[in-house]
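Q: heads up, no residue letters with this:
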């Protein structure tokens, strides 16, 4: 998670040295390709739609074929494909013939100071984030005691007011009203606001739009957070049976990922922010392997099976 939150970890250190006219080419596949076989003349199953990575091996081969004087036909064939871009790692400069051929074809050539392995790790992380399936949900995303909590509920149930109370108690806002959720690696849900310009603003009925950053400081916000718990706020229904022990583990499916879900009824007199804080701490305990409801149930069973419990039961004079 730390690498996802530090922008420096995604710095690619790229600069364009040729083919600047093709920088608008679209990247459609979140994968990489090492074009060693293509340079050798084998183009069967050539993954031209991917980013083409030229490491030390590919660069050495380019220098060799140029020394042998067979560069032009190879470059012409290579750049006949609509390659998104060519990236030279390890701060290796492309040859003049290669750069000229890329310029003529309008294929951008980039250089990075990173090694091939490090660059591949970073760019794949970025591409998978960009191409990750996403969904827009109406709700409020907050971070409480390190747990990303998505508050859901009907309009007017008090989601924003609850989030405001949590912020006032020292927790952080990620997004209000509209939350963009991305599924990373098929197992992790990352939530953020849909617009960075108007993000971290909150609408409070009767008060209007407020800027959380200006009111509470930058410590009260964050750009994105993993969604680890979903809390459904709903008006108290006297005819509905709510979970009073915690053994009913509900989940909600978001983009194929199941997230723990709690249903919290709202009515006058209930301190919802404190309940949510307790839910966040309880969720942290669960992730550490401690389940309060299960332990309570086991303690009850042990008490019922104990000698004192049986003696108490059989010695009662109910008649």
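A: Arrived safely. Computed from a prediction, not measured in an experiment: that's the story for all the values here. Numbering: from 1, shown residues only.
Q: alpha carbons only for contacts and neighbour counts from here, please
A: Noted.
Q: can you tell me which strand in the protein is longest?
A: strand 257-266 (DSSP state E).
Q: Lowest mean pLDDT among the helices and strands of the protein, which one is it?
A: helix 2-5 (a mean of 39; mean pLDDT, DSSP states H and E).
Q: Report the distance from the following helix or strand past that helix to the chain centre.
A: Following helix 2-5 in sequence order, the next helix or strand is strand 14-18 (DSSP states H and E). Taking Cα atoms, centre = their mean, to the nearest Å, one finds the center of strand 14-18 at 29 Å from the center of the full chain.
Q: again with stretch 145-153
A: On the basis of Cα atoms, centre = their mean, stretch 145-153 is displaced by 15 Å from the centre of the chain it belongs to.
Q: any residues touching that stretch, and which ones?
A: With Cα atoms under 8 Å, 6 or more residues apart in numbering as the test, stretch 145-153 has contacts from 138-143, 159, 171, 225-234, 277, 280-281, 283-284.
Q: Now intersect those with the strands, please.
A: Reading strands off the contacts of stretch 145-153 with DSSP E, I get 138, 140-143, 225-226, 229-234.
Q: residues in contact with residue 19?
A: With contacts taken as Cα under 8 Å, 6+ apart, residue 19 has the following neighbours: 99, 102-109.
Q: those strands in the stretch 201-319 of the chain, which residues are they?
A: Taking DSSP state E, counting those that start in this stretch as the test, the strands found in the stretch 201-319 of the chain are 201-204, 208-211, 224-226, 229-235, 250-254, 257-266.
Q: Pick the most buried one from these.
A: Sort the strands of the stretch 201-319 of the chain by mean neighbour count, taking mean count of other Cα atoms under 10 Å, and strand 224-226 sits at the top with a mean of 23.
Q: which helices and strands does that one pack with?
A: strand 147-153, strand 188-193 (3 or more Cα pairs under 8 Å, 6 or more residues apart in numbering; DSSP states H and E).
Q: Can you classify residue 87 by secondary structure?
A: Under DSSP: H, G, I helix; E, B strand; the rest coil, residue 87 falls in the strand class.
Q: what about it, distance to residue 93?
A: Distance of residue 87 to residue 93, given as Cα to Cα, to the nearest Å: 10 Å.
Q: So for the two, which residue has more residues nearby?
A: When neighbours are counted by other Cα atoms under 10 Å, residue 87 and residue 93 differ, and residue 87 comes out ahead with 24 against 16.
Q: in the sheet, who's paired with the more buried one?
A: When bridges are assigned using DSSP bridges, the partners listed for residue 87 are residue 53, residue 110.
Q: For residue 28, see how far away it is.
A: For residue 87, the distance to residue 28 - Cα to Cα - is 16 Å.
Q: what does residue 142 give?
A: From residue 142 across to residue 28, the span is 33 Å (Cα to Cα).
Q: Tell me which residues touch residue 176, please.
A: Residues near residue 176 by Cα under 8 Å, 6+ apart: 139-141, 160, 193, 199-203.
Q: what are the ranges of the strands in the stretch 1-150 of the chain?
A: Taking DSSP E, counting those that start in this stretch, the strands of the stretch 1-150 of the chain run over residues 14-18, 32-33, 51-54, 86-88, 109-112, 134-138, 140-144, 147-153.
Q: What residues of the longest one count as buried?
A: Going by neighbour count (16 or more other Cα atoms under 10 Å), the buried part of strand 147-153 is 147-153.
Q: Just name the lowest-scoring one in those residues, pLDDT-wise.
A: Of all the buried residues of strand 147-153, residue 153 has the smallest pLDDT value, namely 90.
Q: so what's residue 40 up against?
A: Residue 40 sits next to residue 74 when contact means Cα under 8 Å, 6+ apart.
Q: Centre-most residue in this protein?
A: Relative to the mean C-alpha position of the chain, the nearest C-alpha, by Cα atoms, centre = their mean, is the one of residue 190, at 3.0 Å.
Q: Distance of the spatially closest residue to it that is not a sequence neighbour relative to residue 188?
A: On the basis of Cα to Cα, 6 or more residues apart in numbering, the spatially nearest residue to residue 190 that is not a chain neighbour turns out to be residue 226, at 4.4 Å. Look at residue 226 and residue 188: by Cα to Cα, they are 7 Å apart.
Q: and residue 277, how many residues sit next to it?
A: By the criterion of other Cα under 10 Å, residue 277 has 18 neighbours.
Q: Likewise for residue 182?
A: By the measure other Cα under 10 Å, the count of residues near residue 182 is 24.
Q: Am I right that it is in contact with residue 224?
A: No - taking Cα atoms under 8 Å as the definition, residue 182 is not a contact partner of residue 224, at 10.4 Å.
Q: any residues in contact with both of these two?
A: Any residue near both residue 182 and residue 224 by Cα under 8 Å, 6+ apart counts here, and that gives 190-191.
Q: Thanks a lot, see you next time.
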